[in-house]
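K.L.:
Quick one: sequence and predicted model below, then my questions.
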Amino acid sequence: MKTMIVGGAGFVGSHLSEALLGVGHDVTVVDNLLTGRESNIRQLLGDPNFCFVRRDAITPITASEMAEWGEGIERIYYLASPASPDDYFAWPVETLLVNSAGVYNFLQLAERNHARFLLTSTSEAYGDPLVHPQPETYWGNVNPVGPRSCYDEGKRFAESMTMAFVRNRTVDGRIVRIFNTYGPRMKANDGRVVSNFIYNSIKGKSLVIYGDGSYTRSFCYVSDLVRGLQTVMEADSDIATGEVFNLGNPDEHTILEFAKNILRLTGADVRINFEPARTDDPTRRKPDITKVQTRLGWKPQVMLEEGLNKTIEWFKIQQL
Ligand code: NAD
Ligand code: UDP
């Protein structure tokens, strides 16, 4: 199976690349390394079934590129986009473009090759949700001009573009809304709560909680997510084409509980400091996974403590 992963040099994409190579796919990663790293895929570069194209997804695909790496693709996973708030605050225009022009380019590639297309959208499409937990039928509560809007509205546009290609242009497209996912290969400095808390604990630095610690998130281990992405992509068309599926772990924690968990698991003896909550930071988030569980049989298997221990071990052996 010829498979393309756009954004495959990032945290999730590198794990997905490994998993797909492991089940016999030919994998082409397209990535401009804006927030990803070549070190994430270095171990794959010698594999004859793996190809890395360093390239911006925003640029239209030329005829020569089509001949070189675009022909015969059967699956396109579209993961390209900054994902950490600190990353999309730093790259708002790039975030909007990769979720609009970039998605358009690769939907056209899917159309031309009759390839299946899977868009990785986000729980941020629900904004600061007024419905809890969040089912796919909830339309969300997004501030269209706030600092997070480049990501939230970018992903909502990407979903709309994908559905237009499903309804009017014959592409077999599927959408997943991913909730907070963690694991090895997160960047120590990407600003997300999991990497910040683990990195600071290992370095003996205090943890910072934005707000009073009562905000919640539900954390999914990366191997569960990768299995979910494959499950949705390979599901029969009559079940999955034009459908949206939440992928996440419904095990919900306050950020204060989460900080205490990290301190317990790392054995760190550092302070927890509190700073003002960030603008439009969602106050609660928990996926309703009934749809993916009942229709596709997917549910997470890795408990938080097990996943955090693996992640902490990985961070400890990095040259941080
Ligand atoms: P990441 O930042 O590690 O990976 C994103 C990859 O996209 C990077 O390798 C980056 O270089 C690449 N990229 C960005 N702009 C590009 C462009 N213009 N052209 C080519 N490549 C480009 O993030 P991640 O955590 O691996 O997330 C992967 C996808 O999953 C993203 O689309 C993200 O929105 C989505 N998602 C992730 C989470 C999570 O918790 N990790 C949650 C919700 C949604
Ligand atoms: N957060 C925090 N301290 C940090 C990083 C994040 O308190 O060092 C909070 C953040 O304000 C949010 C939650 O943790 O309420 C999750 O943040 P993250 O950036 O990991 O992901 P988000 O769910 O916001 O995309």
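P.N.:
Received, thanks. Every value quoted in this text rests on a predicted model; they were computed, and no experiment measured them. Ligands and ions are numbered 1, 2, ... in the order given.
K.L.:
can we go C-alpha only for contacts and neighbour counts from here?
P.N.:
Will do.
K.L.:
which element follows the helix or strand bottoming out on mean pLDDT in the chain toward the C-terminus?
P.N.:
Lowest by mean pLDDT, DSSP states H and E among the helices and strands of the chain is helix 63-65, with a mean of 93. Using DSSP states H and E, the next helix or strand after helix 63-65 towards the C-terminus is strand 75-78.
K.L.:
Indicate whether the helix or strand just after that following strand makes contact with ligand 2.
P.N.:
Using DSSP H and E, the helix or strand that follows strand 75-78 in sequence is helix 85-90. Yes: applying CA under 6 Å from any ligand atom, one finds helix 85-90 touching ligand 2 at Pro85.
K.L.:
Now tell me what touches helix 85-90 from outside.
P.N.:
35, 82, 95, 147-148, 150-151, 190-192 (CA atoms under 8 Å, 6 or more residues apart in numbering).
K.L.:
One more pass at 6 Å, please.
P.N.:
Residues from elsewhere that reach helix 85-90 (CA atoms under 6 Å, 6 or more residues apart in numbering): 82, 191.
K.L.:
Is it positioned near ligand 1?
P.N.:
No: Helix 85-90 is not in contact with ligand 1 by CA under 6 Å from any ligand atom; minimum separation 7.5 Å.
K.L.:
and the following helix or strand past that helix, what does it pack onto?
P.N.:
For helix 85-90, the following helix or strand on the C-terminal side (DSSP H and E) is helix 92-98. If you count contacts as 3 or more CA pairs under 6 Å, 6 or more residues apart in numbering; DSSP states H and E, helix 92-98 packs onto helix 149-168.
K.L.:
circling back to that earlier point, what residues of the least confident helix or strand of the chain count as buried?
P.N.:
For helix 63-65, the neighbour count (16 or more other CA atoms under 10 Å) marks no residue as buried.
K.L.:
For that helix, what is the distance to the chain centroid?
P.N.:
How far helix 63-65 lies from its chain's middle: 29 Å, per CA atoms, centre = their mean, to the nearest Å.
K.L.:
What of stretch 61-77?
P.N.:
A distance of 23 Å separates the centroid of the chain from that of stretch 61-77, by CA atoms, centre = their mean.
K.L.:
And it, what's buried?
P.N.:
61, 70, 72-73, 75-77.
K.L.:
so which one among those residues has the lowest pLDDT?
P.N.:
In terms of pLDDT, Gly70 ranks lowest among the buried residues of stretch 61-77, with 86.
K.L.:
helix/strand/coil for the residue lying closest to that one once chain neighbours are set aside?
P.N.:
Nearest residue to Gly70, sequence neighbours excluded (CA to CA, 6 or more residues apart in numbering): Leu109, at 7.2 Å. Following DSSP: H, G, I helix; E, B strand; the rest coil, Leu109 is assigned to helix.
K.L.:
For Leu109, give me the pLDDT.
P.N.:
pLDDT, Leu109: 96.
K.L.:
Tell me how many other residues surround the residue in the stretch 1-150 of the chain positioned nearest to ligand 2.
P.N.:
Taking CA to the nearest ligand atom, ligand 2 has its nearest neighbour within the stretch 1-150 of the chain at Pro85, 5.4 Å off. Residues within reach of Pro85, counting by other CA atoms under 10 Å, total 17.
K.L.:
now swap in Gly213 and tell me
P.N.:
Counted with other CA under 10 Å, Gly213 comes out at 18.
K.L.:
In contact with it, which residues are there?
P.N.:
By CA under 6 Å, 6+ apart, the contact set of Gly213 is 255-256.
K.L.:
at 7 Å instead, please
P.N.:
Counting by CA atoms under 7 Å, 6 or more residues apart in numbering, Gly213 makes contact with 254-256.
K.L.:
From the residues you listed, pick the one nearest Trp298.
P.N.:
Thr254 (24.9 Å; CA to CA).
K.L.:
Reduced to three states, what does the spatially most distant residue from the centre of the chain come out as?
P.N.:
In the chain, counting by CA atoms, centre = their mean, Asp269 sits farthest out from the average C-alpha position, at 31.3 Å. Classification of Asp269 by three-state DSSP places it in coil.
K.L.:
on that earlier part again, any figure for the gap between the residue of the stretch 1-150 of the chain closest to ligand 2 and Leu225?
P.N.:
Separation of Pro85 from Leu225 (CA to CA, to the nearest Å): 20 Å.
K.L.:
For Val226, which non-adjacent residue is spatially closest?
P.N.:
In space, Val226 is closest to Leu16, 5.6 Å off (CA to CA, 6+ apart).
K.L.:
Give the helix, strand or coil label for the one you found.
P.N.:
The three-state label given to Leu16 by three-state DSSP is helix.
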